[in-house]
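S.K.: Prediction below, plus the sequence it came from.
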Amino acid sequence: MSATLRITHKTIGAEVRRSDYEIIVDGSVAGSVAMNASTDIPLEPGVHTLELKSGRNSSRVVQFAIIDGQRIEYRCTGKSFLPVFLASFVKPSLALHLRRVNGERTL
């Protein structure tokens, strides 16, 4: 059996960074997610890292543990407050945001 990582790219209002985001799991491209869509990625149970990339822009790397049969969900967006948006031109890892939605739900 395996576990599932779900990434949802959804925003309310205008978003400047609207392109597809590459999903990087454990340092390798595992798929992509389009605007207003979700992507499910099967994973082996254990500890994993997650990052999003879109050109030079990226999110911070997050680490999570997942158990057999579990589904973990993250919501991502490129929308941010103006000071953070401007800072992302100097530090691209501030450009995309990941927020964990759940961690308890099982399949």
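M.R.: Perfect, thanks for sending it.

S.K.: State the number of residues packed around residue 72.
M.R.: 22 (other C-beta atoms under 10 Å). Backbone N, C-alpha and C define where each C-beta goes, glycine included.

S.K.: Please shift the residue numbers so they start at 344 in all later answers.
M.R.: Right, with 344 as the first residue, what we last looked at is residue 415.

S.K.: Could you give the average pLDDT over the helix or strand encompassing it?
M.R.: For residue 415, the element it lies in under DSSP states H and E is strand 414-420. Across strand 414-420, pLDDT averages out at 90.

S.K.: next structured bit after the worst-scoring helix or strand of the chain on mean pLDDT?
M.R.: Least confident helix or strand of the chain, by mean pLDDT, DSSP states H and E, is helix 425-430 with a mean of 63. Next helix or strand after helix 425-430 toward the C-terminus (DSSP H and E): strand 440-443.

S.K.: on that earlier part again, partners of the strand holding residue 415 in the sheet?
M.R.: Paired strands of strand 414-420, with direction, are strand 346-352 (parallel), strand 440-443 (antiparallel) (DSSP bridges).
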